[in-house]
Each structure stands twice: as C-alpha cells, then as structure tokens.
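Colleague: need coordinates for the below:
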Amino acid sequence: METVLFIAGSDPGGGAGIQQDLKVAALLGAHGTSAVTALTVQNTRGVQAVHPVAPEVVAAQLDAVLGDFAVAAVKLGMLASAGVARVVAARLREAKVPWLVVDPVLAAGDGTPLLTEDGIAVLKEEIMPLASVVTPNLAEASRLAGVPVRGLEDMEAAAQFLLEMGPKWVLIKGGHLEGEPVDVIFDVLNCHRLPGRRLPAGDTHGTGCTLAAALATHLAQGKPLPEAVTRARELVFQAIRHARALGRGRVPLNPYAPFARELERHRVLTELSQAVDTLRRADVAGDLIPEVQSNLGYASRYAEDLGDVAAFPGRILKGPEGLIIPCAPAFGASRHIAAIILTAQHTHPEIRAAMNIRYVEEVKRLAPLLHMKLAGFDRAQEPPEIKTREGSTLAWGVASILKAGEPPPDLIYDRGDWGKEAMIRVLGPDPLSVVEKALALAQALRVAGGA
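Modeller: Predicted coordinates:
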C-alpha cells in the first residue's frame, strides 16, 4: 500500500481539505498521511474564519511523516500564510518526493482568501519549481499568470506561462467555462484539450481537492501521469454526478459513489433472489402475472445505466403449478424494468426496485384501502417522437408522474395501447418491499373476488 502525504487545511464540514483528501486516498486503496496548515471554520454555507497553524508546527508535522514513511506522492493544497509556505517548500526541497501535485488554493468558493499575498509570492517562487503538476482552476490560473483566463485560448496561454515557473505539467481546470467544461493539460512539448460533460449538480464543494487528491494517489500507485489524470477526472465526474445536498449551502462531492455501485452488486443479486423466493412461495402470486410475463428489478446504489440494474433473464413466468423462474438474476437483464427504475431515480433516488404486474380495474378501489398511492399515465398522450423511439414509453410515462419533492406513488398503471398490454408497475426501495406490495394487492383482489 503506497503512502500519500496531504498538506492542506482542515474543513470541519468534511467536503474539502484534509478530510476529503484522506477519504479519496482510502477509497483508492492508499494510506493517507497529513500535515494540517490551517484550521478553517466553515460549512456548506461558507467560510467563517481561518486560523493558520504556526509554521513550526507545520514543520514538525512534516518532519514526523517524512522521517517515518516512504512517501510516494504529496498533494499540496491550502497554505494559508507565507510562513507556512516557506517551511513547506524547505521540507519538500529536502525530501525530494517522487511526485508533488500542487492544488494552488488561493480562495474559497465564497471568495474568502485562503493564502496571503506574500504567501502567493512564495508559492510562485519556491513551490512551483518543485511541482510535478499544478492544477489551478480559471480564477487561480488568472491570479498566478497575472492575466484574465476566460476561454480555451486563455487557458493554453496561461498554462504555458505557468510552466515557465518550473512545474513539469500544468492542468488548468475548465469547470467554470461557459458551456461544456474543458480542461487543458500542458507539458514542455504538448498541449491537450480534455473535454468533459456539464452536470446539473448545482454549486458543488470540494472538486479541486478531490481531483488533486485522486491524481496524487494514482501517481503514487505507479500510473503514468496521463492515465492518472484520466482516472482522477472520471472520479470527480462520478462524485459530482452523485453528489447530494447534505447541508444548507453548497453540495459536497460524493467520491464514494462509484465504489458503492461496484461493491454492492453481490448484495443486489442476493436480495433479488430472496425476494423472488418470497413471491414464488405465495399462493396468490400467479394472479399477478400478465400475458407478457413479469420481471422484478433492483438497481445498485448510484445506478447510471442498464448495466447497473439487475433483473431476471427470461422473466418471471406463470406455470401450471406456480411461478417459473428460468434463470438467476443478472445485471442488464431487463431494459424495460431498468427504464422504470432509472427514470424514477432522477427525482426519487430512494426508488431502486420495480416489478410489472397485470392491470385490473379494482386497483383504483383497493390501493387506498392498502395505504398505497396510485397514479397512472395515458399512452395516447405520448408524443409521437417518443412513441416511435423503441423503449422510450416507460421512461416518458414514469417521468410524467414523478415530481421532485412529492411522495412517489407505490403503483403506476396504464391501460395499454394498440399492441400494448395494460400494466401496473410496483415501485419501492428494495425488491422485498415491492414483492410485499404486489402480494398485498393480489391477496386483496382474491378476497374481493377480482382475481
């Protein structure tokens, strides 16, 4: 396990600084060590105060770590003061670590200065020449280069200017560009534009720390710099995509998201198998199966596409002696069930499971008695461009019903269309809750004589 040293300020809200750095290192399989340069008083709504750590205390922290651990890479973030910057430069000059990633933290997202003017001078004169790669955003690149950086041509010119200060690589982040984000990476020979995708995540917190921490960790683990940059950018993209508003202000990134999605795949399959066993043992289960048969699906946490939703290949069939399950659950097995779940998660991330069952008119009377919320859509209202696009109907229908901020329905129905069977979709947070709702409805139908 490689050791990475993080030199940065402390963020008590956990969205940036040392706290975020150490989370990223642990998730990527490295051992994170730290030297705290400042104690900030902040939360998602902004920075209330900054208390720089005494330079001699920062120096002592660095001596303790560098004198004991074989540090494979260093990520440098907030420095706070010129005194801190000088001792950091001196210790790093002596240590000669293989990789030094410099994230030039000059101000917080709310504009609060995080490095003094004389500290910026030390950064430029003493630390930049030691850097393997420096990762400024547009505002930081403007400040360090002394010229406005607003577009791609400006970014390339600033990267070349910063390269003359001594770092081997310059990566200018284009997250604040108008339109789609584009990063620019520059070495002494080449300049490359790295396009990205804009995500509707709102005002996020911790993107720079997450990128630099991931980059340093990948470099420590022996990955070439271009690959390390690619992997770090992908982690940031996923962390932004699955960020959640945890406080009352800016949204902290969620670097755990891609790992959670992969780690729980076994659990998803296990819970699906257990839920379908419950379904198979119920004597009323056969009453639920429509002519096109049923399926039961379950999405892994932070699902993104069909490959993150498991269901039953061959569907759930009604046989003469009960239900037939031809195959064990597998990811990517049902495009229709996946469309329902993935669409629902846009507005209600807690919905991760769904099942289709046959439609009966009695559902309108029985749903309220079972304390289930019912909603429906009319396929006749479907726009022609949606109707002609294979597999788009369910996504359109579910999206037309679910509204952010409103409780989701337990049951969504439609009465079908030409060549399309009427159907009910049962929604829930997990497959067992979906099966229990479906069986409750089937039992009520049996009692009411509607089955």
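
Colleague: quick check: Glu264 touching Ala303?
Modeller: No: using C-beta atoms under 8 Å, Glu264 is not in contact with Ala303, being 10.5 Å away. C-betas here are computed from N, CA, C, even on glycine.

Colleague: those two: which is more packed in?
Modeller: The residue with more neighbours, out of Glu264 and Ala303, is Ala303; 22 against 15, by other C-beta atoms under 10 Å.

Colleague: which residues touch that one?
Modeller: By C-beta atoms under 8 Å, 6 or more residues apart in numbering, the residues touching Ala303 are Arg261, Val309, Ile341, Leu342, Gln345, Arg352.

Colleague: ok, the last one touching Leu427?
Modeller: No: Arg352 is not in contact with Leu427 according to C-beta under 8 Å; the separation is 9.2 Å.

Colleague: strands of the stretch 151-300 of the chain, start to end?
Modeller: 169-172, 182-186, 191-195, 204-205, 251-252, 296-299 (DSSP state E, counting those that start in this stretch).

Colleague: the fourth one: partners in the sheet, and parallel or antiparallel?
Modeller: Using DSSP bridges, the strands paired with strand 204-205 are strand 251-252 (parallel).

Colleague: in a helix, Val426, correct?
Modeller: No: Val426: not assigned to a helix; according to DSSP: H, G, I helix; E, B strand; the rest coil it is strand.

Colleague: quick check: bridge partners of it?
Modeller: Beta-bridge partners, per DSSP bridges, of Val426: Met355, Leu411.

Colleague: report pLDDT for it.
Modeller: If you check Val426, the pLDDT there is 98.

Colleague: what about it, how many neighbours?
Modeller: Neighbours of Val426 (other C-beta under 10 Å): 28.

Colleague: quick check: it vs Ala80, distance?
Modeller: Distance of Val426 to Ala80, given as C-beta to C-beta, to the nearest Å: 55 Å.

Colleague: distance check, Arg198 against Leu253.
Modeller: 15 Å.

Colleague: same question but for Glu262, I mixed them up
Modeller: 18 Å.

Colleague: burial measure for Glu178, as a count.
Modeller: 9.

Colleague: one more: Gly166?
Modeller: Quick note: Gly166 (other C-beta under 10 Å) scores 15 neighbours.

Colleague: residues touching it, list them.
Modeller: Met128, Pro129, Leu130, Ala131.

Colleague: just Leu199 next, same as before
Modeller: With C-beta under 8 Å, 6+ apart, Leu199 has these contacts: Phe237, Ile240, Arg241.

Colleague: what is the burial count for the second one?
Modeller: In other words, Ile240. That count, for Ile240 with other C-beta under 10 Å as the rule, works out to 25.

Colleague: tell me the contacts of it?
Modeller: With C-beta under 8 Å, 6+ apart, Ile240 has these contacts: Leu199, Ala201, Thr204, Thr207, Leu253.

Colleague: let's go with 10 Å and repeat that
Modeller: 175, 196-202, 204, 206-207, 210, 251, 253-255, 257 (C-beta atoms under 10 Å, 6 or more residues apart in numbering).

Colleague: the first one too?
Modeller: Applying C-beta under 10 Å, 6+ apart, one finds that Phe237 lies in contact with Pro181, Gly196, Arg197, Leu199, Thr207, Leu211, Pro258.

Colleague: one more pass at 7 Å, please.
Modeller: Applying C-beta atoms under 7 Å, 6 or more residues apart in numbering, we find Phe237 in contact with Gly196.

Colleague: and the gap between Gln345 and Thr40?
Modeller: 34 Å.

Colleague: when the two are compared, which one has more neighbours?
Modeller: Ranked by neighbour count (other C-beta under 10 Å), Gln345 and Thr40 place Thr40 first, with 23 against 18.

Colleague: please state the backbone phi and psi of the more buried one?
Modeller: Here is the backbone geometry of Thr40 (degrees, to the nearest 10): phi -100, psi 150.

Colleague: check Leu439 too.
Modeller: Torsion angles, degrees, to the nearest 10, at Leu439: phi -70, psi -40.

Colleague: can you count the residues close to the residue lying closest to it once chain neighbours are set aside?
Modeller: Closest residue in space to Leu439, ignoring its immediate chain neighbours: Ala282 at 5.1 Å, by C-beta to C-beta, 6 or more residues apart in numbering. When neighbours are defined as other C-beta under 10 Å, Ala282 has 18 of them.

Colleague: and what of the one 4 residues further on?
Modeller: Other residues near Gly286 number 17, with proximity taken as other C-beta under 10 Å.

Colleague: same deal with Leu369?
Modeller: The number of residues near Leu369, taken as other C-beta under 10 Å, comes to 10.

Colleague: which SSE is the residue lying closest to it once chain neighbours are set aside in?
Modeller: Leaving out its chain neighbours, the residue that sits closest to Leu369 by C-beta to C-beta, 6+ apart is Ala444, at 7.0 Å. Element membership for Ala444 (DSSP states H and E) is helix 431-448.

Colleague: residues of that helix that come out buried?
Modeller: 431-445 (16 or more other C-beta atoms under 10 Å).

Colleague: can you pull the poorly scored residue ranges out of the protein?
Modeller: 201, 386-391, 450-451 (pLDDT under 70).

Colleague: domain map for it?
Modeller: 3-262, 264-448 (automatic domain parsing).
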